[in-house]
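Undergrad: Mind looking at a prediction? Sequence and model below.
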Protein chains: 4
Amino acid sequence: MSVDLVVRNCTVVTPAGRTPDAGVAVEDGTIVAVGKSDRLPDADRVLDGEGKVLVPGIVDGHIHNREPGLEYKEDWESATRAAAAGGVTTVVGMPNTDPVIDRPEHLELKFDRGEASAHVDFQSYVVVTSENIALIPELDEAGAIGYKIFLGSTVGDVPPPNDGEILEAMEKIRKTGKRLGFHEENGEIIDHYTEQFKAAGKNDPIDHSHSRPVIAEQEAVERMLTFAEETGAKIHMFHVSSGSAAEAVARGKDRGIDVTAETCPHYLWFTEDVMREKGNPARIQPPIRDAEEQATLWEVGIDEGAIDSIATDHAPHTPEEKKVDDPFGNTWDAISGFVGLETEVPALLTFVNEGRLTLEEWVRRHSTRPAQIWGLYPKKGSLQVGTDADFTIVDPDLEWTLEDSDDLHSKNCVTPFVGESFTGKAVSTVVRGEVVYEDGDVVGESGYGTRVDVDDV
Amino acid sequence: MSVDLVVRNCTVVTPAGRTPDAGVAVEDGTIVAVGKSDRLPDADRVLDGEGKVLVPGIVDGHIHNREPGLEYKEDWESATRAAAAGGVTTVVGMPNTDPVIDRPEHLELKFDRGEASAHVDFQSYVVVTSENIALIPELDEAGAIGYKIFLGSTVGDVPPPNDGEILEAMEKIRKTGKRLGFHEENGEIIDHYTEQFKAAGKNDPIDHSHSRPVIAEQEAVERMLTFAEETGAKIHMFHVSSGSAAEAVARGKDRGIDVTAETCPHYLWFTEDVMREKGNPARIQPPIRDAEEQATLWEVGIDEGAIDSIATDHAPHTPEEKKVDDPFGNTWDAISGFVGLETEVPALLTFVNEGRLTLEEWVRRHSTRPAQIWGLYPKKGSLQVGTDADFTIVDPDLEWTLEDSDDLHSKNCVTPFVGESFTGKAVSTVVRGEVVYEDGDVVGESGYGTRVDVDDV
Amino acid sequence: MSVDLVVRNCTVVTPAGRTPDAGVAVEDGTIVAVGKSDRLPDADRVLDGEGKVLVPGIVDGHIHNREPGLEYKEDWESATRAAAAGGVTTVVGMPNTDPVIDRPEHLELKFDRGEASAHVDFQSYVVVTSENIALIPELDEAGAIGYKIFLGSTVGDVPPPNDGEILEAMEKIRKTGKRLGFHEENGEIIDHYTEQFKAAGKNDPIDHSHSRPVIAEQEAVERMLTFAEETGAKIHMFHVSSGSAAEAVARGKDRGIDVTAETCPHYLWFTEDVMREKGNPARIQPPIRDAEEQATLWEVGIDEGAIDSIATDHAPHTPEEKKVDDPFGNTWDAISGFVGLETEVPALLTFVNEGRLTLEEWVRRHSTRPAQIWGLYPKKGSLQVGTDADFTIVDPDLEWTLEDSDDLHSKNCVTPFVGESFTGKAVSTVVRGEVVYEDGDVVGESGYGTRVDVDDV
Amino acid sequence: MSVDLVVRNCTVVTPAGRTPDAGVAVEDGTIVAVGKSDRLPDADRVLDGEGKVLVPGIVDGHIHNREPGLEYKEDWESATRAAAAGGVTTVVGMPNTDPVIDRPEHLELKFDRGEASAHVDFQSYVVVTSENIALIPELDEAGAIGYKIFLGSTVGDVPPPNDGEILEAMEKIRKTGKRLGFHEENGEIIDHYTEQFKAAGKNDPIDHSHSRPVIAEQEAVERMLTFAEETGAKIHMFHVSSGSAAEAVARGKDRGIDVTAETCPHYLWFTEDVMREKGNPARIQPPIRDAEEQATLWEVGIDEGAIDSIATDHAPHTPEEKKVDDPFGNTWDAISGFVGLETEVPALLTFVNEGRLTLEEWVRRHSTRPAQIWGLYPKKGSLQVGTDADFTIVDPDLEWTLEDSDDLHSKNCVTPFVGESFTGKAVSTVVRGEVVYEDGDVVGESGYGTRVDVDDV
Ligand SMILES: [Zn+2]
Ligand SMILES: [Zn+2]
Ligand SMILES: [Zn+2]
Ligand SMILES: [Zn+2]
Ligand SMILES: [Zn+2]
Ligand SMILES: [Zn+2]
Ligand SMILES: [Zn+2]
Ligand SMILES: [Zn+2]
């Protein structure tokens, strides 16, 4: 009796180590064996990995899929098409859509849209605002993966709750057992300097960066740590951009607070000089930092371990919104954010190639840990027998350059990574045993992807 | 040639130690000798200390003298009359008067009023608000002792600047070399819980306490520490009420931040049970805490040294404002604050008598350190030859009870210390060589007190 | 083409998680597949796990196999017979034999003896003394797994090198890349108190414990940490017995020192009261500590993670040497140490059953981490495809009592665990694909076990 | 009625601040007034300070007066003659004389010799060895100022007790309330490297330095801290020579251990390059360190405060013993130590002149703190009225060079400070109201100096 799929002739890598000339067997969407190539069962379909590297499917805990409501930027179909092409098997969408995901029915709407069109598996955060604190238990019941609070104004203009409301929300969230993540920039500081810069006529792309100083991020991290210590809530720091914030996270971990933290490829790849070189397309919030902050982010965040996970903050906007035609024009007319789903694996594999982290450490931060942080492990993020057959095959030696953003699969593909050269790329993506991407093509069906049920894990 | 005044037959106590059968000689308002009683020069006037304790004059860095504008509560004359009677030789007035002290001309007005009527020496803080950040250098020039920011709404309703403005203000204040103190309660937290409590019909005096939780104070301390670390500004925490806040101050000192901190006698003397026993007259902001927080305040603040100085937060209001006739009536109709200038020395001497701190440690925190913190040392806060002849003679063994608030010298004398029994009291107060209080009477002239010139020290 | 062996119908547990109804396939002594029971390849031999738990083979990094020279106590055959019966697939022997393992030819002798008679795989430490520091590189070449220094006198009386020699040895060991472990008791302290106790006529078994106070262990840990920080050597603390020593290890890890630490089942199971209840048979060095130290060992060592690994310190002696017939007789005539290979898995599974640690955490500390610490991973300590097919099947629910030490397989079986009741036991032991223990019998061949080649991993 | 002595026209400096145009009045050896020059009482003798600086008499807590038994090097008369000439009013002698001061009768002998011939006040440590632990209470009764343990072999070859004996000694010393100081070099490390260096034919003066590495000092500090934490004993680190040891002291203070520490002028003035420039005359134990260690000693020790006090380790030897005629000859034939009593005040005043510490900070570490550490305060180390009239008048602006060691007052005057230039010098020394040094001459009587009675303070 043969199984559905066998992949053979790979080096299988997990955080625990690596095995050459091996592969996995899949039946009914589940891993039924991991073994040496010639000791895997017969299969209806056999993929030859040609010696490449097979890892647990990449889990991206931070994307903006834009649907419902902002489909002119991106939708579930296009976002998960990009995910499949990038080697990402699970994505978690941010709640700053239209409507914002702040009520059970909005979450249901978002889930329904995803079920209808996604190529890979997905989930969604729900936002907490001044208006919906009482709904926190219901939002848990409705199946959200976790909660999100925007501490300062950013894209989508979801107004931040005040500190009293945050404390009250944390008390309620603690009881759900789920985790609360933050857009951690102190709103008063960034608003103050933004106004001051505008008044002073400072409007270059780099001025946008400087209007949101590191102290705004560091202070927001510290304040949330103190509130988490007070309430016992589990918290997460999205898109940590600076070494100073990573150091604050490390101090919080030392105090015994249950805090996890993520950073994004662009903070590790670029310094703020990119604003002077590429201008508004590289605009993002929090901004890309200077070389000194970046060095500390690598040292304290990656080498010493303050940063748990990698995610993209994939945030598509139209070329007009990004002022692509006027990259050094008045930055206050441009919008923040850019796509990333198809460059995150290449960026990280390039770092591996440079010896800045090992394959095992990459897999840990890009698959296993995000799955653990958000309650999806071991269903996602492992290659354990009996779990979802999500895996990504990468070629760690492939040298290539992102020549044109049109080579990407999102609806809008502005990114500062255009023109950058990489060593490494995802070549096949498998979700619950189905090959959704191979040979450069997204081959999965729209609508195959499904919501990961957090209650079951 | 005889000097103006000699005090003899005292035990002279400074932070460095104590000498029995000794005293000081004064000429032209300045100490010209400290010596054994029989080795001091001849004098026009000789006071016999009768074996009591002579210490450098008490410096109270936190009073509300209410003038200009709120003279129905208190004025410079009445506040400094109480100071003289309490053994306090220098007071620093808070800026939440009417007008608030936010411009050079308001400061000048406040100084002029003080020059006209004060019994003891004085100074004043200037407030920093959203509106006057640009005036920070001018306010320095105008002679302010330091700066004050209200982080949350409290008596006087001076609106807090936002965090961006605070950062900007700190940059400017750092350049003046002066120190910035805070009413450190997170405004969003206390406003949130106050509204919630009111909506829930909770209106007992103890509910006022609980509407301003410790976390609001702790978080405010931590945030200001981070901003001070960022800007290099010197900061001060007024009226630290809780052990948790004292621990935050200790962590800040460990990080090398130039932070100083004060607490008040009522936080060391009472626990929150006083709200259930005495009601609205004991209402104050930040509120008096529970026994556990108080124990940590003693341990971390006093025993281990996180708290530098003692001050009263002397804050007179009329009996009607304090709801004296309805002590357990709706607390939201009552006002916060009470007088303290005449009970601070007795409270601290009682602690000395109980063995909770030494005479030397008391003098250090109640005279020397506040003078150092605010730039008045050694002119004030020492008994060094050549400095102002400010000193206080106390009887550390006198047992007495504050039977009636009418025995006090302020215009309005509501205080929860009525009915409390003490061991110790100031018996004579000398300011620049003039006896301003003795034998139970304020004997100094109104208008003798003068502004301490910070620029000269 | 069928493989050699398949085990099916187990719950497979590794530090990364657990899979029910699963098993492993083995060929040529290597794991070739891990999979669901019905998706494993055909095999010459199929074992039915009957729903029990299969884990990577237990690695015991601390036994005294006594051969060469002390075969009247134990030898390679008997020690590894006990290991097989206890579910242990790899053991590392201590060097305090006769001759002591301090020269390449002695190590070769020890290896040869093991090759001739062992039932499971093995390795050996080499000792560092004042006499052989120059031989450190040669001992590395000769294939030792790591180095051992006795800081204080203990069984075998290997004299401690002085602190200068230790520094010099660490410099040399750092260059080999191998790790240096310690019997960490300050010799001067234990000798001093031992003499004092003897002189005072204190000779009860509990007096032996108190003659080797916790401070002797704590100080030795701290001193070696400082030397490791100075030299960059990797160090290991064998048999940490006290919470105070675990706290010292934790401080060392915080300082960034590459230190690992082990504890033994008896320190977690018994308190020093066992000396009053069972007497000399429970005598060991370092001694079993009081309840307070044990509580801290659990909290700081196990819960917070200062302790990396579990090992037995399996140390057989004859009943005469242990004074079994006179358990409360003069303790200075008794010897320290007792067997443990057959009670370590039961003790740990009992803790799992009591909810004090998870199955995953047990496997991590009893198999994966010791293999990593001593350079055997992933060959040993994992269930990764392509590595040695070492695994242990345990019944975590089996309740039993060690009625009689004769039920054990060592040559001499004195142990204070006689009379203790357990929940859990090893039921089958597999070494490189060969079943060496099943159905209560050691079925492997003497001489099958082989030296693990550290150079190859 | 006039007093015995008045000094006027000085700037009086204490740790609390400074007063110009002031002075002190003395009667019966006691300070009876501190005052402005013209407000001091009439006196039989009036000294004009000519605007110089008057400070509390310098207290040197670490000298080797060599008597009894080694009078060919130095004796009480010559050592205290040098002290008077150096501005030092109290000295404490080390116990490594002949006989060593290890019994009450030896202490009595040392005291008697001092009473017979000293120019300034004095005290003595008693040594603790393996032989006299039981005598600790008696040595307290006999009036010793404190205890000393030599942890490694140094001049005098007092054998170190073992760690068990040290623990036992600390328990006993804790009960006396007195403090225990150390020659803190790990004996095993320095002996090991000394032998190794000798065997290797390394015999330059710099080799002596390197044979006693910093780790030997750091480890000894850490071990004693751990023993003090265990026993509750108060401890002191003599002659801290390195930044690493200062950091260890700082960690101990953070752990709440009652540890104090001293450094010596030569560690702050010279780097180890002096061994290459001046050779054997600069040989000392612990040795003078390299520039990096010195920089940390300044930063952590002086600027951040880990070092409490300054002392000389004044250690006279004959020119022959110091190999003055063969400064770069075989260093193993030379002896360690050199004189310092007449260069310590100049060295520190030179640092003050360079802005490396303030006059107040100098006085604190060179007079007030050593007096407090050893229980002499405020009798010594203050200018408080009623205490001993010990003071030193210094000219902080005097530039001079130590041209010739014969300009010094010890019996043997070898010192590496010959040839060094200073800014600042003691000009008058007063002990209990008697001028013992002025105008370049020791004018006090031999035998005037007396033992400071510790029991009385
Ligand atoms: Zn964001
Ligand atoms: Zn985002
Ligand atoms: Zn306030
Ligand atoms: Zn106030
Ligand atoms: Zn051992
Ligand atoms: Zn052992
Ligand atoms: Zn010494
Ligand atoms: Zn010495």
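TA: Great, that's in hand. Residues are numbered from 1 along each chain as shown, chains lettered A, B, ... in the order given. Ligands and ions are numbered 1, 2, ... in the order given.

Undergrad: Determine the set of other helices and strands touching the helix or strand in which residue A:245 is found.
TA: In the assignment (DSSP states H and E), residue A:245 maps to helix A:243-254. Applying 3 or more Cβ pairs under 8 Å, 6 or more residues apart in numbering or on different chains; DSSP states H and E, one finds that helix A:243-254 makes contact with helix A:214-231, strand A:259-263, helix A:291-296. The way it works is simple: take the backbone N, C-alpha and C, and place the C-beta from them, glycine included.

Undergrad: next one: it to chain centre, how far?
TA: How far helix A:243-254 lies from its chain's middle: 20 Å, per Cα atoms, centre = their mean, to the nearest Å.

Undergrad: Please apply the same query to stretch A:419-426.
TA: The answer for stretch A:419-426 is 18 Å, by Cα atoms, centre = their mean.

Undergrad: And the contacts of that stretch?
TA: If you take Cβ atoms under 8 Å, 6 or more residues apart in numbering or on different chains as the criterion, stretch A:419-426 is touched by A:58, A:85-87, A:269, A:343, A:345-350, A:352-353, A:392-403, A:437.

Undergrad: for the stretch 301-450 of chain A, what spans make up the helices?
TA: Along the stretch 301-450 of chain A, counting by DSSP state H, counting those that start in this stretch, helices occupy A:319-322, A:344-353, A:359-363, A:369-373.

Undergrad: Residue of the stretch 101-250 of chain A closest to chain D, please.
TA: Closest contact between the stretch 101-250 of chain A and chain D, by Cβ to the nearest Cβ, is at residue A:250 (19.2 Å).

Undergrad: Isn't that residue up against residue A:304?
TA: Yes - using Cβ atoms under 8 Å, residue A:250 is in contact with residue A:304, at 7.1 Å.

Undergrad: Who has more neighbours out of the two?
TA: Ranked by neighbour count (other Cβ atoms under 10 Å in any protein chain shown), residue A:250 and residue A:304 place residue A:250 first, with 18 against 13.

Undergrad: need the contact list for that one.
TA: Counting by Cβ under 8 Å, 6+ apart, the residues that residue A:250 touches are A:300, A:304, A:306.

Undergrad: the domain parsing of chain A - what is it?
TA: A:2-54+A:386-445, A:58-373 (automatic domain parsing).

Undergrad: What count of nearby residues applies to the residue lying closest to residue A:141 once chain neighbours are set aside?
TA: Among residues not flanking residue A:141 along the chain, residue A:104 sits closest, at 7.4 Å (Cβ to Cβ, 6 or more residues apart in numbering or on different chains). Neighbourhood size, residue A:104 [other Cβ under 10 Å]: 18.

Undergrad: how near is residue A:104 to residue A:159?
TA: 20 Å (Cβ to Cβ, to the nearest Å).

Undergrad: hmm, back to that, would you list the helices and strands packed on helix A:243-254 in JSON lines and tack on mean neighbour count?
TA: As requested, those are exported to JSON lines (neighbours: other Cβ atoms under 10 Å in any protein chain shown):
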{"stretch": "helix A:214-231", "mean neighbour count": "23"}
{"stretch": "strand A:259-263", "mean neighbour count": "25"}
{"stretch": "helix A:291-296", "mean neighbour count": "16"}
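
Undergrad: Distance to residue C:280 and mean pLDDT for these - can I get that in TSV?
TA: Formatted as TSV, the helices and strands packed on helix A:243-254 follow (distance: least, Cβ to Cβ, whole Å; pLDDT from 0 to 100):
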stretch	distance to residue C:280	mean pLDDT
helix A:214-231	49	98
strand A:259-263	50	98
helix A:291-296	57	98
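
Undergrad: Please convert the ones you listed to JSON lines, extending it with distance to residue B:432.
TA: As requested, the helices and strands packed on helix A:243-254 are exported to JSON lines (distance: least, Cβ to Cβ, whole Å):
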{"stretch": "helix A:214-231", "distance to residue B:432": "45"}
{"stretch": "strand A:259-263", "distance to residue B:432": "56"}
{"stretch": "helix A:291-296", "distance to residue B:432": "53"}
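
Undergrad: Make a markdown table out of these and add distance to chain B.
TA: A markdown table is the format used below for those (distance: least, Cβ to the nearest Cβ, whole Å):
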| stretch | distance to chain B |
| --- | --- |
| helix A:214-231 | 5 |
| strand A:259-263 | 15 |
| helix A:291-296 | 13 |
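
Undergrad: quick one: which of the ones you listed is nearest residue D:284?
TA: helix A:291-296 (41.6 Å; Cβ to Cβ).

Undergrad: what does the closest one contact?
TA: A:214, A:241, A:242, A:243, A:244, A:246, A:247, A:267, A:268, A:271, A:273.

Undergrad: Give me the distance between it and the centre of its chain.
TA: For helix A:291-296 - counting by Cα atoms, centre = their mean - the centre lies 21 Å from the chain centre.

Undergrad: Also stretch A:12-20?
TA: With Cα atoms, centre = their mean, you get 23 Å for stretch A:12-20.

Undergrad: Next, the buried residues of that stretch.
TA: A:12, A:13, A:14, A:15, A:16, A:17, A:18, A:19 (16 or more other Cβ atoms under 10 Å in any protein chain shown).

Undergrad: Check stretch A:302-313 too.
TA: A:302, A:306, A:307, A:308, A:309, A:310, A:311, A:312, A:313.

Undergrad: Same question for stretch A:325-340.
TA: A:327, A:331, A:334, A:335, A:336, A:337, A:338, A:339, A:340.

Undergrad: Can you read off the backbone torsions of the third one?
TA: Its backbone dihedrals place residue A:334 at phi -90, psi 170, with angles given as degrees, to the nearest 10.

Undergrad: for the fourth one, same thing?
TA: Backbone dihedrals for residue A:335, given as degrees, to the nearest 10, come out at phi -110, psi 160.

Undergrad: Quick check: chain neighbours aside, which residue is closest to residue A:6?
TA: Closest to residue A:6 by Cβ to Cβ, 6+ apart is residue A:43, at 3.7 Å.

Undergrad: for residue A:396, that is, sorry about that
TA: Using Cβ to Cβ, 6+ apart, the nearest residue to residue A:396 is residue A:424, at 4.7 Å.

Undergrad: Any idea how many residues pack against the one you found?
TA: Residue A:424: 24 neighbours (other Cβ under 10 Å).

Undergrad: What separation do you get for it and chain B?
TA: To chain B, residue A:424 is 38 Å away according to Cβ to the nearest Cβ, to the nearest Å.

Undergrad: Next, find the distance separating that residue from residue A:395.
TA: On the measure of Cβ to Cβ, residue A:424 and residue A:395 end up 7 Å apart.

Undergrad: Also residue A:430?
TA: Residue A:430 is 15 Å from residue A:395, by Cβ to Cβ.

Undergrad: between those two, which one's more packed in?
TA: Set residue A:430 next to residue A:395 and count neighbours by other Cβ under 10 Å: residue A:430 wins out with 28 against 19.

Undergrad: my read: that one touches residue A:436, true?
TA: Yes - between residue A:430 and residue A:436 a contact is recorded at 6.9 Å, counting by Cβ under 8 Å.

Undergrad: How about the contacts made by residue A:409?
TA: A:78, A:81, A:82, A:84, A:85, A:342, A:442.

Undergrad: should've said residue A:391
TA: Residue A:391 neighbours (Cβ under 8 Å, 6+ apart): A:7, A:24, A:54, A:55, A:56, A:57, A:89, A:383, A:430.

Undergrad: and what of residue A:152?
TA: A:160, A:183, A:185, A:186, A:187, A:188, A:189, A:190, A:191, A:216, A:220.

Undergrad: In contact with the last one, which residues?
TA: In this case it means residue A:220. A:151, A:152, A:182, A:184, A:185, A:186.

Undergrad: Check those and tell me the two furthest apart.
TA: Maximum distance among the contacts of residue A:220 (Cβ to Cβ): 10.9 Å, for A:182 and A:186.
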